[in-house]
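Colleague: here is a sequence with its predicted model. Questions after.
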Amino acid sequence: MASKRIGIESSLGIAEAVKLANVDVIAAYPITPQTHIVEGLAEMVANGDLDAEYIPVESEHSAMSACLGASAVGARTFTSTASQGLILMHEVLMVAASLRLPIVMVVANRALSGPLNIWGDHSDAMIIRDTGWIQIFVENGQQAFDQVLCAFRIAENRDVMLPTIVHIDGFHATHVIEPIYILDKKTVSEFLPPYVHPNPLDPDNPVTMGCFAAPNLYTETRKALDQAVRNSRNIIDETWQSFGTLTGRHYLPIEEYKTDDCDTLLVTMGSFSENAMIAVDRMQKAGKMVGLVRLRLWRPFPTEDVLRAISGAKNVIVLDRHVSLGGPGPVCSEIKAALYPLEKRPQVVGIIGGLGGRDISPENFVSLVELGLEKIKTGQTGEMIMFGVRE
Amino acid sequence: MEALSIYVPKLVTPKEYIASGHRACSGCGEVLAVRYVCKALSRNTIISNATGCMEIISSQLPQTAWEVPWIHTLFENAAAVASGIESGLKARKRKYGYDKEIKVVAMGGDGGTADIGLQALSGAMERGHDFIYVCYDNEAYMNTGIQRSSETPFGASTTTAPSGKVSIGQHTWKKNMAAIAAAHDIPYVATSCSSYPFDIMYKIEKAMKIKGPSYIHILAVCPTGWRCPSNATIRVGRLAVESGVFPIYEIENGKYTLNLDYPKLRPVADYLKSQGRFRHLTEENVAVIQEKVLEEYNRIKTLSHMRKKSK
């Protein structure tokens, strides 16, 4: 394995990974904070550094629709979007999964209107949760680079054939210039075999894609798709293991940070985990046994891994960067649901924060944990708690 | 219109690319038009179909009527999917030596083309993808039960613009999709009708030879929605053309050619009376429509003559 370490904006690092994956078609529409990724790719295509068709579509709906067409004729296909763009794609995402087209997309997580806000949170990611896409969260540019390559290998595996999203937090992670190990072409081509669709649209073997299903078969098609999403877990594990062996950078569906002997665990997802790690270091130094659990794989949801990581704790504080208006935070409710069958369960409190680009600094995380513990102590875990609201 | 003079059905391939046994209503002009489109396309094609009658009647799991590669995804994106197919094939040809000559075709009804799918169609035409877009226009959302679209003609009664004590029904004029397509400066735009099989096939064959986007707008008679007998499909389509209600023409690189010119058009009343959707119209209403039809027909005729003169 060979790689070189360069200082590069995360977005451009992602573009490098897409180039190394030798994609055939990119269809994209500009939206902040994703745009640097596709600008980088457009430049590579314009300079002949990447041999691909770049389709500058007139909307995200058409971006994902063009991806469907390209992937269905056997082309390796990539797009990137965020926020309103992702929800404009929403209905097309459902079709991409049901047609089992292994499109890879990077989403620069961003808040949703209204009011309009271009900064990061997980609203867009959560709203497309049920579309049948594999959803992987990363914390920084290196992880994004690595996971884009893994995403192609996972998505295109014959036993998976599902579209895959790599979620990176808008601005907080996309616009950071950081040192990234860029793998060489040979290593990538060994890691990532060429994309071969088993039954592409082809006149020599005409297939019909996208039939409609009456009540007598719709349930069966959804069951088959759900099974496919669940089964993808084996290939995800296998891919991350091979990537780890190859590069020394290891990924797991749930990653723990200093959780040994901790009564209290904080659960985060995405780039804020890095601030949370600093907070954990400080709290442990001060004698408070608080550990961190980072959720990397959101779909398929790694229930067993979650239980392994948190079921032994006394207190669990879950940060959600999305507000399900009038209901519980989505990450917290999944974690509570996973824990419910256990006889002895930790106390779980969900806190909403980090919305629309509002930072949660390491100091803030310390206060957030204190707030969570206070709520558990006073038995107010069922409350809607929003962190750092200016009143 | 040389092709129309070839009344030699034997020259047409007996091969069917949309199999019988599909679920179309009897007398469906749309599936008839699509059948001719497919015969002209023959096997080396990939079709991207919008949601609508055509997808419902031809692709109910676990069956399919399609003998060519065919993909249906959503209502408004047939042209965008086609642009992905075309680009995917282009990349595969250039990078991996894929060597099949395939014409990519997007198809949709009037709703999927002129209403909800107009943006995707405009984008695909503007970007210059090498594809044919076929609109089979039955002048309303027939699949969901005869709701008005922007292609519903003035005076027609539909379920969402019904005629009533204080309403004529549709009170807007039919959207001119051929002119909208031509405004994209694409090389080939044409209109046709489900009652003219040779005209449809001639125009599809012509479009297949063109590099870049083509747009073909086919009036497709719908006995169910137009409220006419199912054995009147061909006659009603011919009345639309012979009365000048739906002129058959081509726009090649901006130049108009009226393919079927009737120096003496039939009165529009002949056409309107053939269908229940116009039954409520008064003589005054018919006179208004007659005037508008002549105006539009003469406009196209003038454009067409101007071209002949400039030759």
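Modeller: Good, I have the coordinates. The shown structure was predicted, so the numbers you read here are calculated from the model rather than taken from an experiment.
Colleague: if I read this right, residue B:104 contacts residue B:90, doesn't it?
Modeller: No - Residue B:104 is beyond contact range of residue B:90, at 9.9 Å (criterion: C-beta atoms under 8 Å). From N, CA and C alone the C-beta is placed, and that goes for glycine too.
Colleague: neighbours around residue B:171, how many?
Modeller: 10 (other C-beta atoms under 10 Å in any protein chain shown).
Colleague: please name the nearest non-neighbouring residue to whichever residue of chain A sits closest to chain B.
Modeller: Closest residue of chain A to chain B, C-beta to the nearest C-beta: residue A:69 (2.7 Å). Spatial nearest neighbour of residue A:69, excluding adjacent residues (C-beta to C-beta, 6 or more residues apart in numbering or on different chains): residue B:84 at 2.7 Å.
Colleague: ok, residue A:18 to residue A:148 distance?
Modeller: 6 Å (C-beta to C-beta, to the nearest Å).
Colleague: who has more neighbours, residue B:104 and residue B:90?
Modeller: Taking neighbours as other C-beta under 10 Å, residue B:104 and residue B:90 compare with residue B:104 leading, 27 against 20.
Colleague: state whether that one is indeed within a strand.
Modeller: Yes - applying DSSP: H, G, I helix; E, B strand; the rest coil, one finds residue B:104 inside a strand.
Colleague: bridged to it, which residues?
Modeller: Beta bridges link residue B:104 to residue B:46, residue B:131, judged by DSSP bridges.
Colleague: pull the contacting residues for it.
Modeller: Going by C-beta atoms under 8 Å, 6 or more residues apart in numbering or on different chains, residue B:104 touches B:45, B:46, B:48, B:82, B:85, B:86, B:89, B:129, B:130, B:131, B:132.
Colleague: average pLDDT across the helix ranked longest in chain A?
Modeller: The residue-count maximum for a helix in chain A (DSSP state H) belongs to helix A:215-247. In this model, helix A:215-247 carries a mean pLDDT of 98.
Colleague: I'd like the next helix or strand past that helix.
Modeller: Next helix or strand after helix A:215-247 toward the C-terminus (DSSP states H and E): strand A:254-257.
Colleague: who are the packing partners of that next one?
Modeller: helix A:272-285, strand A:290-295, helix A:303-310 (3 or more C-beta pairs under 8 Å, 6 or more residues apart in numbering or on different chains; DSSP states H and E).
Colleague: and the angle for the helix or strand hosting residue A:376 with strand A:290-295?
Modeller: Using DSSP H and E, residue A:376 falls within helix A:362-377. Between helix A:362-377 and strand A:290-295, the angle comes out at 100 degrees (axes from the mean of the first three to the mean of the last three C-alpha atoms, to 10 degrees).
Colleague: number of residues surrounding residue A:286?
Modeller: The tally of other residues near residue A:286 (other C-beta under 10 Å) stands at 9.
Colleague: over to the one 3 residues further on?
Modeller: The burial count assigned to residue A:289 is 17, neighbours taken as other C-beta under 10 Å.
Colleague: repeat for residue A:285
Modeller: 8.
Colleague: same deal with residue A:304?
Modeller: For residue A:304, the count of nearby residues is 12 (other C-beta under 10 Å).
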